[in-house]
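Colleague: structure for this input, please:
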Amino acid sequence: MADKLYRLGVIAKPDFTEARKVTVSAFCRRRLPVIMVSQLKMGDSVRDATALIEQGHVRVGTEVITDPAFLVTRSMEDFITWVDSSKIRKRVMEYNEKLDDYDMM
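Modeller: The predicted model follows:
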């Protein structure tokens with residue numbers, strides 16, 4: 001049980017004493033919009049991140065996520081990115097001067 005909570009990212013150490021202290025807010029902090037705002041800086045607020053998710057601008061791995069209640073595990077954190085066809089992705093790349101001719105298609 002403690003290992004599962006650790007892999008989910010709810011507790012800091014895979015220890016049973018940590019598992020006994022789990023709160024609801026620990027699960028809320030693992031939701032996709034919260035991770036986008038707090039760790040990845042992909043939005044200004046949770047409300048904005050939720051709108052971007054519902055509009056289909058965000059993917060985790062190869063799957064486009066449209067449910068803002070999606071729980072992100074520790075192993076999935078590195079695979080959160082913009083959808084390839086997203087105009088927001090193009091705008092971010094343009095701002096960072098990383099947009100090339102292939103991406104403009």
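Colleague: could you use CA atoms for every contact and neighbour count after this?
Modeller: Noted.
Colleague: neighbours of residue 78, just the number please.
Modeller: Neighbourhood size, residue 78 [other CA atoms under 10 Å]: 11.
Colleague: what segments of this structure are helices?
Modeller: 2-8, 16-19, 24-28, 32-38, 46-54, 87-95 (DSSP state H).
Colleague: so which of those helices gets nearest residue 73?
Modeller: helix 2-8 (4.3 Å; CA to CA).
Colleague: how about the closest one: buried residues?
Modeller: Across helix 2-8, burial judged by 16 or more other CA atoms under 10 Å covers 2, 5-8.
Colleague: do stretch 26-33 as well
Modeller: By neighbour count on 16+ other CA under 10 Å, the buried set for stretch 26-33 is 27, 29-33.
Colleague: list the contacts for residue 29?
Modeller: residue 35 (CA atoms under 8 Å, 6 or more residues apart in numbering).
Colleague: which phi and psi does it have?
Modeller: Taking degrees, to the nearest 10, you get phi -70, psi -10 for the backbone angles of residue 29.
Colleague: which one of the buried residues of stretch 26-33 sits closest to residue 71?
Modeller: residue 31 (4.6 Å).
Colleague: okay, the closest one: pLDDT?
Modeller: We have a pLDDT of 96 for residue 31.
Colleague: can you name the residues that contact it?
Modeller: 68-72.
Colleague: select only the buried ones of the residues you listed in PyMOL?
Modeller: Typed into PyMOL, the line below selects the buried ones among the contacts of residue 31, using 16+ other CA under 10 Å:
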select buried, resi 68+71+72
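Colleague: okay, the contacts of residue 31 in TSV with pLDDT and distance to residue 52 next?
Modeller: Putting the contacts of residue 31 into TSV (pLDDT from 0 to 100; distance: CA to CA, whole Å) gives the following:
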residue	pLDDT	distance to residue 52
68	96	9
69	95	13
70	96	13
71	95	16
72	95	16
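Colleague: just to revisit the earlier point, could you redo the helices of the chain as CSV and give each row distance to residue 64?
Modeller: CSV is the format used below for these (distance: least, CA to CA, whole Å):
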stretch, distance to residue 64
helix 2-8, 20
helix 16-19, 31
helix 24-28, 20
helix 32-38, 12
helix 46-54, 9
helix 87-95, 14
